[in-house]
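A.B. asks: with the sequence up front, the predicted model follows.
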Amino acid sequence: MSDNKKNKFKISDYLADITDFVKSAKPKENASANFDEVMGEATDGFPRPELLGKIPDSEARTESSSGSAWNALNNQESSGRRDFLMKAGVFAGAAALLSGANDAEARTTWAEWFQGNYRLMSDKERKESVKRLEARYTEEYGKKTFVDDMPAEKDVLFGYALNIQKCIGCRRCVKACVKENNQSRQDPEIEWIRVIRMEKGTFNKGDMDKGYSGLSGEKHGIQVGGFAHKPAGVVLEGQHYYDPKLVPEKDAFYFPIQCQQCEKPPCVKVCPVRTTYRDPDGIVVIDYNWCIGCRMCMGACPYWARRFNWGPPNLSKEEMNPKTHYFGNRPRMNGVVEKCTFCLQRTRRGRYTACVEVCPVGARKFGNLLDPNSEVRKVLDRKKVFRLRVDLNTYPKFFYFID
Amino acid sequence: MSIRSIIYFGIDLFICSWRGSLFYYGWLAFLGFFIMLAVWGNFEQLTKGMIVTNLNDQVTWGMYLSNFVFLVGVAAAAVTIVFPAYFLKNKHMKHVVVLGEIVAIAAVIMCLLFVVNHMGRPDRAWHMTPSWLPVPIFHGIYNWPNSMLTWDVIVLNGYLALNVFCAFYYMYMKYLGREVNKLIYLPVVYLACVWALSIHTVTAFLINTMPARPMWHHSILPIKFITTAFAAGPSLIIIAFSIIKKVTKFEIGKEVFDFLSKVVLWCLGIALFLILSELVTEFYANTEHSFSLRYLVTGMYGLWGLVPWFWTAMVLMIGGFVLLLIPKIRKNLMLLPFICGMVFVGIWIDKGMGFVIPGFIPSPIGEFSEYTPSLIEIVNSLGNWAVGFMVFTMLAKCAIAISTGEVRYRDPKSIVTQSVDPPSFKGGGTPPWQSGRWGA
C-alpha cells in the first residue's frame, strides 16, 4: 500500500482486512516472464504500466487493434485437428474421471482440485497452475491461450470515473465487456455492467392522486414521481431492461453500474475462504479455482456487482478471448462467482479497460489514482464528483461525475 | 467400559434401529422414498449446476437457506429440555433429556445437508479446513474471525459434536446399566447449553451484518431468531413426544408437556411482539429500506407472491398463541400437538421463506423479481427433511429401547454359557462345576 493511501484513510479502518494484505502486499518478481515472451509483439502500440498516467485523453485514442496478432496465430492450426482434439479430450476426460486412467484432462482436473489458495502457493506452484490452465484452455477452446499472472504493481491504485452527463445508454460497454472478459453467453447469460435507465421528470401530471390513496380513500393530490404506479416494471428507480430503437431517449438519462472496487469491500469481509480479496493496486479479485460458491459475497454487495455461474458457462470457441489473466478474464467454471475486475489483464499491462476503449462518447475515464497527472485524478480535481452509497462506508474507487 | 462393550453397543444399536413393527418399516420406507427422490435431485443439481434451481443473480438465497435458518433454530431449541433437566434439576425433563439431544443431532445434520445443497461447489468444501490444522493435502484457508460464515461452521459442527457425545455417552452408560460419570458428562452438557444459544445467535449475525440488505440489517434479529426458535423447536418436540408416547412404552410425564408448552407460549408471545415492533418501525416511516417488508406483507408493484404465505403464518402464529393462552386447551394433550403443529408451520414460513427470500426483493439496485422454488429444490429439501426424520426416528428408537431396558449389555461370557449345550455328565444330575460342590 502506498503512502498516499495511508494518509487518506486511517490504518485502523483496515483492521478487519489487515490479514488479507500481509501476504499479498509484496509484489512478486519474475512472475510475468512467460507472458512477456509471448506478448512481446501482441501488445504492440500499447503503453507500459509505468506510462499509464501519461496516456492521452481516451477520446483522442485510436481504435483498439486487440487480438489481431492472436487471430493470425490461431488460424495456423487446422480446424480438423482441433475438433479431433476436442472430441478426444472430452471422451477421454470423462472416461478417465470415472476410471482414473492416465489422461491429461483428468490429471489437470485432479491437479486443479488439489490446488491451494493462490496466495498460499509458492512461486513454483503458481507457475505450474498457470501452465496447467493454459494447456487446458488451449485444448478446450482450440486456441493458443495465455494465462497471465501479472501481480499488482507498486505505486498503482486504479480508479474509474464515469461522466453521467455524457452517457447515452448505448450499452456498448456491456457488450465489449462480455467480449473481452469471456462471460457465459447464455444459460446463464452474464453481464458485469448494468446500465440503468433513469427517468428525467419526476413530476408527471398524469400520475396525480395515484400516490397514496390512504385508508380513507381520500385524494391527497400527492404524486410520488413518474414511477409511482407503473406496472411491475420490475425496477424501482430506474430500470436496466430498457430497449428503445434509439438512444439516448428524450425523457431519460443513464447510469451504468459495475463493481465499484471498494477500498473496504463488504464482499471480501464475508468470504469464508478468502477467495476474494483486495489486491494492492485496489482491484478486488476472485480466485475462481478456490471459490466454494456460497454466495455470501453476493448477499453482502450493495451494488449488485457480482454474478454467479449457475451452470457450466457457455462460451464458444470462436468468441473466446485467449489473452487472459488468472484473476481476470480466464474462462470460469460452473458454480463460482465472478465480477468486473477493471480488465486487470489489460490494465496491469498498461492498457485501458474494454469499456473505456469502446465508449463512443468518452464518458468513461480510467487511471492511476496515485498519479496526480492521470485522467482520473484530473477528473477528481476539477469535476463535480460523487460516489454511490457513501453511507455504507465502502469507499468505492468508482466515481461518477458531471461537468 | 471395554472395547468389547463398545462394539456390542454399536451392533445392538444397529440391529435395534433396523428392526421394528410393520408401522416402523412403513415409516422408514416413506422417508426412504423421499430420500431416493433427493438422490436424483442432487444428481441433477451436481451434474447440471445450480441452474436447475430457480435461484438467480437477484435472489441468490432461496429454499435451501430458508430451511437452514429455520433448522438451526430447531437444533438450538434442544436446550429447552437440557437446560431445565440439569440447571433446574427437573426430574421429568431429565428422563427425556436424551431425546432432546437427538432432536439437536437430527436438526444439525439437516442444516449441514441444506448448506451443502446451497453451495455452488460442494466438492471444494475442504477449502474451509483451517490452515493450521495438521492435514497433509487439504490445506485450506479460513477467513476467521472476519467472516461470519466461518463462525457459523465452527459453532454448528461444534454443536453437533457436543450433542453426539452427550447423547451417545448417555445411551452407552444406560446400556451398561450404569449411571453417567458426572465429572465427564455435566461439563459437556453445560457447555452444550451455552453453545445452543451461540449457534442461533451466530446465524442471525451471519444475516444481519449485511447493510446491503436493509430488511435484515437490524439488531432485533438475534433475539427474534432465539424466541421463534424456542417456540418452533419445543413445538416439534411436543409433537414427537406425543407420537412416541402413543407408539412406544416409553413414559413421558404430563409435566414435560406442561413445561414445554409454557416455553412455546411465552417465546411465541415475545416473538409476536418483536414482529409487531418491526412492522410498526418499518411501516410508519416507510422508507426505501422497508420495501422488502412491504413486498412481504402487502405486495409491491403488482408482485405479491409471498403475501398469502405471510398472512397464513400470522394467522397460525397468533391463533396458536391465543389457543395456548387458554389453560384448558394448553393442558389437553390431545389438542396440544395440533396447536404445536400450527405454531411450527407458522414459524417455518415466517422464518424461512418469509424472511430469507424477501431480503433479496428488491435487489440492491431496486429490481423486484419474484422467486418460487423449482421442482429440484423442493425434492432436495424434502429429502433433507426425510434424512433428518430418519436420523431422529432411528436414534430415538434406540434411546427408548435402552431406557426401557429392552436393549442392554449382556455379559458375553454368560451368553456363551447359555448358548452351548451343557455337556453331559456321566454321574447324572447337575455337574459339579455348576452345583458348587467343587467349591468357589
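C.D. replies: Ah, there it is. Numbers count the residues shown, from 1 in each chain, chains lettered A, B, ... in the order given.

A.B. asks: contact partners for the residue in chain A that chain B sits nearest to?
C.D. replies: Minimum separation of chain A from chain B (CB to the nearest CB) falls at A:G293, amounting to 2.0 Å. For every residue, glycine as well, the C-beta is placed using N, CA and C. Applying CB atoms under 8 Å, 6 or more residues apart in numbering or on different chains to A:G293 gives the contacts A:F308, A:G335, A:V336, A:V337, B:M50, B:M119, B:G120, B:R121, B:R124.

A.B. asks: ok, so of those, who is nearest A:I283?
C.D. replies: A:V337 (15.2 Å; CB to CB).

A.B. asks: check the closest one and give its pLDDT.
C.D. replies: If you check A:V337, the pLDDT there is 96.

A.B. asks: what is the burial count for it?
C.D. replies: Neighbour count of A:V337, defined by other CB atoms under 10 Å in any protein chain shown: 27.

A.B. asks: please apply the same query to B:L268.
C.D. replies: As a burial measure, B:L268 scores 26 neighbours (other CB under 10 Å).

A.B. asks: you'd agree it is in a helix?
C.D. replies: Yes: assignment of B:L268 by DSSP: H, G, I helix; E, B strand; the rest coil places it within a helix.

A.B. asks: which element is B:S277 on?
C.D. replies: helix B:254-285 (DSSP states H and E).

A.B. asks: may I see the buried residues of that helix?
C.D. replies: Residues of helix B:254-285 classed as buried: B:256-261, B:263-265, B:267-268, B:270-272, B:274-275, B:278, B:282 (neighbour count, 16 or more other CB atoms under 10 Å in any protein chain shown).

A.B. asks: so the residue in chain B that chain A sits nearest to, which state does it fall into?
C.D. replies: Nearest to chain A, among the residues of chain B, is B:G120, at 2.0 Å (CB to the nearest CB). Here B:G120 is coil, with the state taken from three-state DSSP.

A.B. asks: show the average pLDDT along the helix or strand following the helix holding B:S277.
C.D. replies: Remark: after helix B:254-285, the chain's next helix or strand is helix B:291-297, criterion DSSP H and E. In this model, helix B:291-297 has a mean pLDDT of 92.

A.B. asks: for helix B:291-297, packing partners?
C.D. replies: helix B:254-285, helix B:307-325 (3 or more CB pairs under 8 Å, 6 or more residues apart in numbering or on different chains; DSSP states H and E).

A.B. asks: CSV for the ones you listed, including mean pLDDT and distance to A:K131?
C.D. replies: Converted to CSV, these look like this (pLDDT from 0 to 100; distance: least, CB to CB, whole Å):
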stretch, mean pLDDT, distance to A:K131
helix B:254-285, 95, 55
helix B:307-325, 97, 53
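
A.B. asks: in the host helix or strand of A:K175, what's buried?
C.D. replies: Taking DSSP H and E as the definition, A:K175 sits inside helix A:172-181. Neighbour counts over helix A:172-181 (16+ other CB under 10 Å) mark A:R172, A:C173, A:V174, A:A176, A:C177, A:V178, A:K179, A:E180, A:N181 as buried.

A.B. asks: try stretch A:161-174
C.D. replies: So, applying 16+ other CB under 10 Å, buried residues of stretch A:161-174: A:A161, A:L162, A:N163, A:K166, A:C167, A:I168, A:G169, A:C170, A:R171, A:R172, A:C173, A:V174.

A.B. asks: what lies in contact with the helix holding A:K175?
C.D. replies: Residues contacting helix A:172-181 (CB under 8 Å, 6+ apart): A:183, A:185, A:190-195, A:256, A:258, A:319, A:321, A:328-329, A:340-341, A:343, A:346, A:354-355, A:357-360, A:364.

A.B. asks: near chain B too, which of the residues you listed?
C.D. replies: Among the contacts of helix A:172-181, the residues lying close to chain B (CB under 8 Å from any CB of the partner chain) are A:R194.

A.B. asks: ok, of the contacts of helix A:172-181, which come out buried?
C.D. replies: Looks like the contacts of helix A:172-181 have A:183, A:190-195, A:256, A:258, A:321, A:328-329, A:340-341, A:343, A:346, A:354-355, A:357-359, A:364 buried, using 16+ other CB under 10 Å.

A.B. asks: what strand or helix carries residue 381?
C.D. replies: Just so you know, I chose chain A. For A:D381, the host element (DSSP H and E) is helix A:375-382.

A.B. asks: hm, I was asking about chain B
C.D. replies: Using DSSP H and E, B:S381 sits in helix B:375-403.

A.B. asks: roughly how far is that helix from the heart of the chain?
C.D. replies: Helix B:375-403 sits 10 Å away from the centroid of its parent chain (CA atoms, centre = their mean, to the nearest Å).

A.B. asks: so where is the chain shaky, pLDDT-wise?
C.D. replies: No chain was given, so I picked chain A. Residues of chain A meeting the criterion pLDDT under 70: A:1-105, A:201-238.

A.B. asks: right idea, wrong chain: chain B
C.D. replies: Applying pLDDT under 70 to chain B flags the ranges B:1, B:131-140, B:411-440.

A.B. asks: what do you get if the cut-off is 80, keeping everything else the same?
C.D. replies: Along chain B, the parts satisfying pLDDT under 80 run over B:1, B:129-142, B:301-302, B:411-440.

A.B. asks: my read is that A:V130 contacts A:H325, right?
C.D. replies: No: A:V130 lies out of contact with A:H325 (CB atoms under 8 Å); the separation is 9.8 Å.

A.B. asks: which member of the buried residues of helix A:172-181 is positioned nearest B:I318?
C.D. replies: A:V174 (48.4 Å).

A.B. asks: which one among the buried residues of helix A:172-181 gets closest to B:A313?
C.D. replies: A:V174 (40.4 Å).

A.B. asks: now the nearest residue to the residue of chain A closest to chain B once chain neighbours are set aside: phi and psi?
C.D. replies: Closest residue to A:G293 apart from its sequence neighbours, by CB to CB, 6 or more residues apart in numbering or on different chains: B:G120 at 2.0 Å. When read as degrees, to the nearest 10, the backbone of B:G120 gives phi -70, psi -30.
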